[in-house]
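S.K.: A structural model of the following input is requested.
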Amino acid sequence: MGKDDVVQSGAGGGEFAAKDYTDPPPAPLVDAAELGSWSLYRAVIAEFIATLLFLYVTVATVIGYKHQTDASASGAGADAACGGVGVLGIAWAFGGMIFVLVYCTAGISGGHINPAVTFGLFLARKVSLVRALLYMVAQCLGAVCGVGLVKAFQSAYFDRPQAQRPRLPRPGSGSPPHRLRRVHGPPGHHPRHRHRHQPGQEPGRRRRLQQGQAMG
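M.R.: Model (predicted):
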């Protein structure tokens, strides 16, 4: 089909044809009528469940991979580096969960699963203030419950023995002479101490002066 046919097919002979769809009107800022509809609460529940599942699966994957590759924790020795799902498996866990959850909840709540997405759609006037606030509260609660389930089901990975935990020196630990010694080194190696005479030895200038007085 040539260019002339495309131009003539437009409405009124225009260069572009008219859109065969209409954009939805902007959502009202505060829609109190939504509070009485079951679809709003169904969408809020969907966002809560989706965020809970996303955080549970992804965080559990990361913690499980870290535990499996830690030779001191798993006891696998040299084979610990080859264990676990790997970094690629972690990426698949994040991407796969987003794909599945958005596909399942897109027709119910829009598949936001992120307060940032909900806030952006609120600024674009795609959702009302009431729906945006309920979505963000449900998403935050779902995230907290998701990581709480990971903590509850994999508590053995969190409660490591005291001997396996790395010990770091507390700020300000040690006496002042030790801190100064760590910074400047032993007293004999400091530049200010190099030119000082040792106990029992007199400087060369004083010895020469005493020798001159004795000869005089």
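
S.K.: what secondary structure does G107 sit in?
M.R.: Three-state assignment for G107 (DSSP: H, G, I helix; E, B strand; the rest coil): coil.

S.K.: which SSE is I98 in?
M.R.: Assigned by DSSP states H and E, I98 belongs to helix 86-105.

S.K.: where do the helices sit along this protein?
M.R.: If DSSP state H is used as the criterion, the helices of the chain fall at 3-9, 38-69, 71-74, 86-105, 115-123, 129-153, 155-158, 176-184, 191-194, 204-215.

S.K.: export those helices as TSV, with columns for distance to L29.
M.R.: C-beta here means a position set from N, CA and C on the backbone, and glycine is covered the same way. Listed next are the helices of the chain as TSV, based on distance: least, C-beta to C-beta, whole Å:
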stretch	distance to L29
helix 3-9	40
helix 38-69	16
helix 71-74	52
helix 86-105	24
helix 115-123	9
helix 129-153	5
helix 155-158	44
helix 176-184	60
helix 191-194	70
helix 204-215	89
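
S.K.: same list, those, but as CSV with mean pLDDT and mean neighbour count please.
M.R.: CSV is the format used below for the helices of the chain (pLDDT from 0 to 100; neighbours: other C-beta atoms under 10 Å):
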stretch, mean pLDDT, mean neighbour count
helix 3-9, 47, 10
helix 38-69, 90, 19
helix 71-74, 54, 14
helix 86-105, 91, 14
helix 115-123, 93, 16
helix 129-153, 94, 18
helix 155-158, 72, 12
helix 176-184, 50, 11
helix 191-194, 54, 9
helix 204-215, 60, 9
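
S.K.: closest to D31 out of those helices?
M.R.: Comparing these by their distance to D31 (C-beta to C-beta), the top pick is helix 129-153, with 5.9 Å.

S.K.: list the contacts of the nearest residue to P28 once chain neighbours are set aside.
M.R.: Excluding the flanking residues, the one nearest P28 by C-beta to C-beta, 6 or more residues apart in numbering is S128, at 5.5 Å. Contact partners of S128, counting by C-beta atoms under 8 Å, 6 or more residues apart in numbering, are A27, P28, L29, V30, D31, E34, F122.

S.K.: picking up where we left off before, can I get the helix holding I98 in PDB, CA atoms only?
M.R.: In PDB, the C-alpha atoms belonging to helix 86-105 read as follows (Å, rounded to 0.1, in the frame of the first residue of the first chain):
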ATOM      1  CA  GLY A  86      24.600 -19.100  41.700                       C
ATOM      2  CA  VAL A  87      24.300 -15.400  40.800                       C
ATOM      3  CA  LEU A  88      22.400 -16.300  37.700                       C
ATOM      4  CA  GLY A  89      19.900 -18.200  39.700                       C
ATOM      5  CA  ILE A  90      19.300 -15.200  42.000                       C
ATOM      6  CA  ALA A  91      18.700 -13.000  38.900                       C
ATOM      7  CA  TRP A  92      16.200 -15.600  37.600                       C
ATOM      8  CA  ALA A  93      14.400 -15.700  41.000                       C
ATOM      9  CA  PHE A  94      13.900 -11.900  40.900                       C
ATOM     10  CA  GLY A  95      12.900 -11.700  37.300                       C
ATOM     11  CA  GLY A  96      10.800 -14.800  37.300                       C
ATOM     12  CA  MET A  97       8.900 -13.700  40.400                       C
ATOM     13  CA  ILE A  98       8.200 -10.300  38.900                       C
ATOM     14  CA  PHE A  99       7.000 -11.900  35.700                       C
ATOM     15  CA  VAL A 100       4.700 -14.400  37.400                       C
ATOM     16  CA  LEU A 101       3.300 -12.000  40.000                       C
ATOM     17  CA  VAL A 102       2.600  -9.200  37.600                       C
ATOM     18  CA  TYR A 103       0.900 -11.600  35.200                       C
ATOM     19  CA  CYS A 104      -1.300 -12.900  38.000                       C
ATOM     20  CA  THR A 105      -2.300  -9.600  39.500                       C
END
